[in-house]
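J.: Generate coordinates for the sequence data below:
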Amino acid sequence: MRVLVTGGAGYVGSVSVERLLEAGHDVVVLDDLSTGHREAVPDVASLEVGSYGDAERIGRLLERAHVDAILHCAARSLVGESVREPARYYHDNVAGGIVLLDAARQAGVDRIVFSSTAAVYGVPETTPIPEIAPLAAINPYGETKRTFEGALRFYGEAYGLRSASLRYFNVAGATEALGELHDPETHLIPTVLRAAETGEPIALFGDDYPTPDGTCIRDYIHVADLADAHLLALVATASEEPDERPWAAYNLGIGRGFSVREVVAAAEEVVGRTIPTTTGPRRPGDPPVLVAAVDRAHTELGWTATRPGLADMIASAWEWRRRNVDPETGRRREIAS
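T.: Numbering: from 1, shown residues only. Okay, the predicted model is just below:
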């Protein structure tokens, strides 16, 4: 199949592009490179620099690319920023997403897999969280993802769009070629590894949550396992059975949570040194515990996390950083031409 991957130069998107190419599919990448990296896109994938919210550009791209399905990974995704600037999140994640859906309708593309998030659940009533749990996001980021999920559902019922929302829990790790590098970096594991490089303490946002050690608990999933799920979900949207649901949501995690302090301790084991920490106030919009129930992905997609160890996720990220990131600057090393 031929797949358009929005955000395909970013962390999750680029690893998914890598996986799709390995499976023999053709890939077109759309990325504005505001947070993605041009060098993360393989030469065998076509790269279009631009925004999925640009109606004219996305319309032209879909018209000439003749794609079979869309993997929509592009979005604004920082919880704290969403609290400070909700307008940016509604503009890009919701309004931009509708531009993408309407362009797909116009071009006759009727399959889409969406990068959603566990943030749609807010503070869950039960743990692990099943997909049927109430959606009650507590920050604009999660709410914009929930809103777009609703659009997918109703576009499916009205227009025949076949889609899947993959609700990520915390994504971590690296492949041999691709890893996580953001500026600014807000994700825990790369931030911890950066602290290991510099010796500067990492701030723990709150130590008074109702958890065993007072820090937030999160489910983690290796980015390569996530890419496998993307491929399976894209294949699943090809089904044309009349009794199939036009839209479905799937949690992606390992079904086990780790606290912030446990992540730091695991990273210390991997890097072989103490990582200093400080404690600050809670970060707005952070639920205490997010752990996935993943039975639906197993049953309906045939997906299983094959890299479930936290230490293995951290080790793969550490090895990638050692090869690709300058420890003095925290930036990607220049590749000699």
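J.: For residue 30, pull up the helix or strand it's in.
T.: If you go by DSSP states H and E, residue 30 is part of strand 26-31.
J.: Off-centre distance for that strand?
T.: Here strand 26-31 is found 17 Å from its chain centre; the criterion is CA atoms, centre = their mean, to the nearest Å.
J.: contacting residues for residue 174?
T.: For residue 174, the contacting residues are 180, 223, 316-317, 319-321, by CB atoms under 8 Å, 6 or more residues apart in numbering. Just so you know, the C-beta spots here come from the backbone N, C-alpha and C atoms, and that holds for glycine as well.
J.: ok, and what's touching stretch 263-282?
T.: 188-189, 192-193, 195-196, 199-209, 220, 258, 310-311, 314-315, 318.
J.: mind checking pLDDT for residue 337?
T.: In the predicted model, residue 337 carries a pLDDT score of 33.
J.: what do you get for residue 243?
T.: Predicted confidence (pLDDT) for residue 243: 54.
J.: so where is this protein shaky, pLDDT-wise?
T.: The chain contains residues with pLDDT under 70 at 240-243, 334-337.
J.: Could you chop it up by domain?
T.: Using automatic domain parsing, the domain parsing of the chain gives 2-171+221-252, 188-218+254-324.
J.: Quick one: end-to-end length of the longest one, please.
T.: Terminal residues of domain 2-171+221-252 are spaced 24 Å apart (CA to CA, to the nearest Å).
J.: Report the distance from that domain to the chain centre.
T.: Its chain's C-alpha centre and that of domain 2-171+221-252 lie 9 Å apart, by CA atoms, centre = their mean.
J.: Could you do stretch 294-312 as well?
T.: On CA atoms, centre = their mean, the centre of stretch 294-312 falls 15 Å from the chain's centre.
J.: contacting residues around the strand holding residue 30?
T.: With contact meaning CB under 8 Å, 6+ apart, strand 26-31 is reached by 1-10, 13, 17, 20-21, 41, 44-52, 58, 61, 65, 67, 74.
J.: Quick one, which of those are buried?
T.: 1, 3-10, 13, 17, 20, 41, 45-48, 50-52, 58, 61, 65, 67, 74 (16 or more other CB atoms under 10 Å).
J.: quick one, strands of this protein?
T.: Using DSSP state E, the strands assigned to the chain run over residues 2-6, 26-31, 46-49, 69-72, 111-117, 162-168, 170-172, 202-205, 217-222, 247-252, 257-259, 277-280, 289-290.
J.: As JSON lines, these with distance to residue 300 would be great.
T.: Formatted as JSON lines, the strands of the chain follow (distance: least, CB to CB, whole Å):
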{"stretch": "strand 2-6", "distance to residue 300": "20"}
{"stretch": "strand 26-31", "distance to residue 300": "24"}
{"stretch": "strand 46-49", "distance to residue 300": "31"}
{"stretch": "strand 69-72", "distance to residue 300": "17"}
{"stretch": "strand 111-117", "distance to residue 300": "13"}
{"stretch": "strand 162-168", "distance to residue 300": "9"}
{"stretch": "strand 170-172", "distance to residue 300": "21"}
{"stretch": "strand 202-205", "distance to residue 300": "35"}
{"stretch": "strand 217-222", "distance to residue 300": "17"}
{"stretch": "strand 247-252", "distance to residue 300": "7"}
{"stretch": "strand 257-259", "distance to residue 300": "23"}
{"stretch": "strand 277-280", "distance to residue 300": "40"}
{"stretch": "strand 289-290", "distance to residue 300": "21"}
